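J.: heads up, no residue letters with this:
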């Protein structure tokens, strides 16, 4: 059974950095597009970034462009979200999600994905 486990969240001051990891188990990461989403209290789950199964294409929400970078290491079955210059509004629970696809495409919409992790909390506060 496919499982996704996020880690790397925590409390950081504004301007700080964190690197989130999403480890996939129960299946290979190959042929899987991965998305990162975040959900603030009382808010909907919003797309942050995604990466295609080949890793050649990425997508970012306008609010994180230039600050966040998504990468993948298929040998480690892991996808990373490097976050720099964190802002208070980046606070939320961050989730990774997976979809098996042979197309060079990833979608920033939550409903496109069929497997989800449990999330990791990121709090940006002074």
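T.: Perfect, I can see it now. Everything numeric here is computed off the predicted structure, so don't read it as measured data. Residues are numbered from 1 along each chain as shown.
J.: Tell me, please, where in the protein the pLDDT is lower than the cut-off.
T.: Within the chain, no stretch has pLDDT under 70.
J.: The spatially most central residue of it: helix or strand, and which one exactly?
T.: The C-alpha lying nearest the average C-alpha coordinate of the chain belongs to residue 36 (C-alpha atoms, centre = their mean; 2.5 Å). Assessed by DSSP states H and E, residue 36 sits inside strand 32-39.
J.: and if you look at residue 63?
T.: Counting by DSSP H and E, residue 63 is found in no helix or strand.
J.: wait, doesn't it sit right on residue 89?
T.: Yes. Using C-beta atoms under 8 Å, residue 63 makes contact with residue 89 at a distance of 7.4 Å. Quick note: C-beta positions are derived from backbone N, CA and C, even for glycine.
J.: how long is stretch 38-52 end to end?
T.: 19 Å (C-alpha to C-alpha, to the nearest Å).
J.: ok, residues contacting it?
T.: Applying C-beta atoms under 8 Å, 6 or more residues apart in numbering, the contact partners of stretch 38-52 are 33-37, 57-61, 64, 68, 70-72, 79, 81, 90-95, 104-110, 119, 122.
J.: Tell me which helix or strand comes right after the strand holding residue 36.
T.: Counting by DSSP H and E, what follows strand 32-39 is strand 45-51.
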